[in-house]
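J.: Structure for this input, please:
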Amino acid sequence: MSKLHRSVLLLIVLVALLLHAGTFPAMAQEEVVRLGVVLTPAELEVGQKGTLVATPPEGLDIRELNATLSGMKFGQFLKRPDGSFTATVYPMGAGTIGLEEATLSAQTVNGQNVTLGFEPFSFTVPEPQEVEMAREDYSGLFSAARTLWKYWVAGLIVGLVILGLLAVATWLFLRWRKARQRIAALPIPPPAPIEEALLALSRLETLEEYGKLGTKAHYADLSMLLRRYIEREWSRPAMEMSEDELITMLRREFAHRSAVSELMGVFETASLAKFARLEAERRLVESHLQSSRSFLESEHDRLRAASLAQEVARRSAGGREAA
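T.: Predicted coordinates:
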């Protein structure tokens, strides 16, 4: 190759390098991909909710999209089946807002790096205006023209209701207190003879009186409770009888009853303690207390059985009358 040819070839290469160097910056710059945008409604007010639909160009499949813009709050972008994205937006303040100024970040499905932006779209958010609410026209007691007499009528009604409730509460309280007074004024029925005798015997069984006052006082109380029971339950003047008369009456009329024979020794010892100043030993005193309890408990069982028999007879008679 001649020197001329080499010079021409070198010149061609240099020209090609210069041309390539001149066009590289333009090629290095990435093209901004514009997303179609539709805002509904087209005019928003401060704080009003709007819907933004962003549509990528054909052939670009975006997996995730986010946007930020000063003065505008974006909700989460949700992808729709047609490939577009929708999000809720709220203007944060008055003024002109250009969506093309938003900063977008996206991630494509195939990993392609693209620079996104909204197509030029702007709208003006007006200054919030004070809205004067119309007064409601009331038709009830407190209507729009609040005259004083209506308040007086309402207060009178409320007062009468309160007085009525107080009167009812007072009447119920007085009735309840009167009923309690009537119940308290009723005479307390005396205890049954058998219950009274068992209670008195329980006090003597502690032997406290026997230890403090001796045999005579102890047997006087023991004889007294047995006499009182016999007089009240058996209708015999046992309180006026001497021990000998009482023993004779028991032997002649009630010897068939359970534990009556054991009372003979109790009344004999009581007579000796009263007139002969007998000092009985503790063992004998305890034995007579046990005899007295056996007698009273047998009487308690007898009375309960008689009461049950009367109840059964009464129910049978009532059933026959009903039939």
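
J.: Break this protein into its domains for me.
T.: By the assignment in automatic domain parsing, the chain contains the domains 29-125, 153-188, 193-315.

J.: Residue 73 contacts residue 87, correct?
T.: No - if you go by CB atoms under 8 Å, residue 73 and residue 87 don't touch, sitting 10.0 Å apart. For every residue, glycine as well, the C-beta is placed using N, CA and C.

J.: and these two? which has more neighbours close in?
T.: Neighbour count, other CB atoms under 10 Å: between residue 73 and residue 87, residue 87 has more, with 17 against 12.

J.: Would you mind listing the buried residues in the strand or helix carrying the more buried one?
T.: Residue 87 is part of strand 85-91, with elements assigned from DSSP states H and E. Residues of strand 85-91 classed as buried: 85-87, 89, 91 (neighbour count, 16 or more other CB atoms under 10 Å).

J.: Low-confidence regions, the chain specifically.
T.: Across the chain, the ranges flagged by pLDDT under 70 are 1-6, 8, 13, 15-30, 131-147, 321-323.

J.: Mind naming the longest strand for it?
T.: For the chain, the strand with the greatest residue count under DSSP state E is strand 32-40.

J.: So for that strand, what gets flagged as buried?
T.: With burial defined by 16+ other CB under 10 Å, the residues of strand 32-40 counted as buried are 33, 35, 37, 39.

J.: Mind giving me the packing neighbours of that strand?
T.: Packing partners of strand 32-40 (3 or more CB pairs under 8 Å, 6 or more residues apart in numbering; DSSP states H and E): strand 50-55, strand 115-118.

J.: Next, the angle strand 32-40 makes with the strand holding residue 87.
T.: Angle of strand 85-91 versus strand 32-40, following axes from the mean of the first three to the mean of the last three CA atoms, to 10 degrees, is 70 degrees.

J.: for the protein, what spans make up the strands?
T.: 32-40, 50-55, 62-68, 72-74, 78-79, 85-91, 95-98, 103-108, 115-118, 122-125.

J.: Now do the first one: distance to the chain's middle.
T.: For strand 32-40, the distance between its averaged C-alpha position and the chain's averaged C-alpha position is 58 Å (CA atoms, centre = their mean, to the nearest Å).

J.: and the angle for that strand with strand 50-55?
T.: Angle, strand 32-40 to strand 50-55, by the same axes, to 10 degrees: 150 degrees.

J.: what would the strands of the chain look like in a markdown table with distance to residue 184?
T.: Output for the strands of the chain, formatted as a markdown table (distance: least, CB to CB, whole Å):
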| stretch | distance to residue 184 |
| --- | --- |
| strand 32-40 | 84 |
| strand 50-55 | 81 |
| strand 62-68 | 86 |
| strand 72-74 | 78 |
| strand 78-79 | 81 |
| strand 85-91 | 77 |
| strand 95-98 | 87 |
| strand 103-108 | 90 |
| strand 115-118 | 93 |
| strand 122-125 | 83 |
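
J.: These: which one's closest to residue 226?
T.: strand 85-91 (101.3 Å; CB to CB).
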